[in-house]
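K.L.:
no sequence on this one, just coordinates:
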């Protein structure tokens, strides 16, 4: 067996001696290496595409968040304006009610004073009339008493 090994070694050494030094062996195309290279390129492209999709999702999420905040701010602003307008409306209505109350109170006071004046006038006229009738009746009674009435 050692003989066979020695012969094989000698044959290999002889084969090496026979090749000229200037001759470069042509690279042999390895289909597996080619496929592995394409697979690796495709995988790299896939990873890059996945990263791009993730960036797009994040960007879209940020845009939605920005739009939400903007809508929320607009809703808050509209609400604040509506509350302010309602407050102004309430204040105006209260002012009008106060003015109406003041006018009604003034009218009630005028009506009261006029009623009192009328009542005092009627009382005065009634007292004067009653006094006159009483005086006339008393005078007539004295005349009758004194015998003048016949």
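P.N.:
Received the coordinates, thanks. These numbers come from a predicted model, not from an experiment. Numbers count the residues shown, from 1 in each chain.

K.L.:
Report the distance from the helix or strand in which residue 41 is found to the chain centre.
P.N.:
Assigned by DSSP states H and E, residue 41 belongs to helix 31-145. Between the centre of helix 31-145 and the centre of its chain there are 18 Å (CA atoms, centre = their mean, to the nearest Å).

K.L.:
now swap in stretch 138-150 and tell me
P.N.:
The answer for stretch 138-150 is 98 Å, by CA atoms, centre = their mean.

K.L.:
Test for you: state the pLDDT assigned to residue 103.
P.N.:
Looking at residue 103, its pLDDT stands at 96.

K.L.:
Same question for residue 21.
P.N.:
50.

K.L.:
Kindly report the same for the one 3 residues further on.
P.N.:
Per-residue confidence for residue 24 comes out at a pLDDT of 59.

K.L.:
Quick check: which ranges of this protein have low pLDDT?
P.N.:
Scanning the chain for pLDDT under 70 picks out the ranges 1-28, 149-150.

K.L.:
list the helices and strands the helix holding residue 41 packs on?
P.N.:
On a contact count with 3 or more CB pairs under 8 Å, 6 or more residues apart in numbering; DSSP states H and E, helix 31-145 meets no helix or strand. Heads up, the C-betas are built off the backbone N, CA and C, glycines and all.

K.L.:
how many neighbours does residue 110 have?
P.N.:
Neighbour count for residue 110, taken as other CB atoms under 10 Å: 10.
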